[in-house]
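**Q** Need the 3D shape of this:
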Amino acid sequence: MCGAAGARKGTTMGVIESFFGISFLLVVGFLLLILLPSLRICSEWERKVVLRLGRYTGVRGPGIFFLLPYVETTPFSVTSMRAGSPRSS
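**A** Now for the predicted structure:
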């Protein structure tokens with residue numbers, strides 16, 4: 001009898017561990033689906049126009065910044081590459 005109870009307990013622990021493993025993978029996958037689309041990167045000469053639900057909210061950049069996923073968008077980039085003139089002596 002003792003052996004049968006021990007076998008059942010091991011099976012129950014295996015089910016619980018696999019449940020937590022699958023839950024962990026689902027949470028990590030969900031976080032990746034939320035965080036990766038919200039990450040934006042701008043070059044040092046660029047700025048991104050940010051729209052929240054279609055309304056202008058500001059300009060962000062340069063560097064790495066996050067947006068509210070699926071709420072904020074960056075449809076336009078503003079480029080400001082200034083050409084320097086050579087100095088004449």
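**Q** mind listing what the residue positioned nearest the centre of the chain touches?
**A** Residue closest to the average C-alpha location in the chain (CA atoms, centre = their mean): L35, at 1.8 Å. For L35, the contact set (CB atoms under 8 Å, 6 or more residues apart in numbering) comprises F66, P69. Any C-beta I mention is one placed from the backbone N, CA and C, and that applies to glycine too.
**Q** The lowest-mean-pLDDT helix or strand in the chain: what's the following helix or strand?
**A** The helix or strand of the chain with the lowest confidence, counting by mean pLDDT, DSSP states H and E, is helix 2-38 at a mean of 80. Note on helix 2-38: by DSSP states H and E, the next helix or strand toward the C-terminus is strand 39-42.
**Q** so how far is that following strand off the chain centroid?
**A** 10 Å (CA atoms, centre = their mean, to the nearest Å).
**Q** List the buried residues in that strand.
**A** For strand 39-42, the neighbour count (16 or more other CB atoms under 10 Å) marks R40, C42 as buried.
**Q** what does the next helix or strand after it contact?
**A** Going down the chain from strand 39-42, the next helix or strand is strand 46-52, by DSSP H and E. The set of residues external to strand 46-52 that reach it, using CB under 8 Å, 6+ apart, is 40, 42, 56-62, 65, 67-68, 71-80.
**Q** So which of these sit within strands?
**A** Applying DSSP state E to the contacts of strand 46-52, the entries found in strands are 40, 42, 56-60, 65, 72-79.
**Q** count of neighbours near E46?
**A** Look at E46: counted by other CB atoms under 10 Å, it has 14 neighbours.
**Q** What are the neighbouring residues in contact with P62?
**A** Contacts for P62 were tallied using CB under 8 Å, 6+ apart; they are C42, S43, E44, W45, E46, R47.
**Q** Phi and psi next, for it.
**A** Backbone torsions for P62, taken as degrees, to the nearest 10, come to phi -80, psi 170.
**Q** Please report the distance of it from T73.
**A** In this view, P62 and T73 are 18 Å apart by CB to CB, to the nearest Å.
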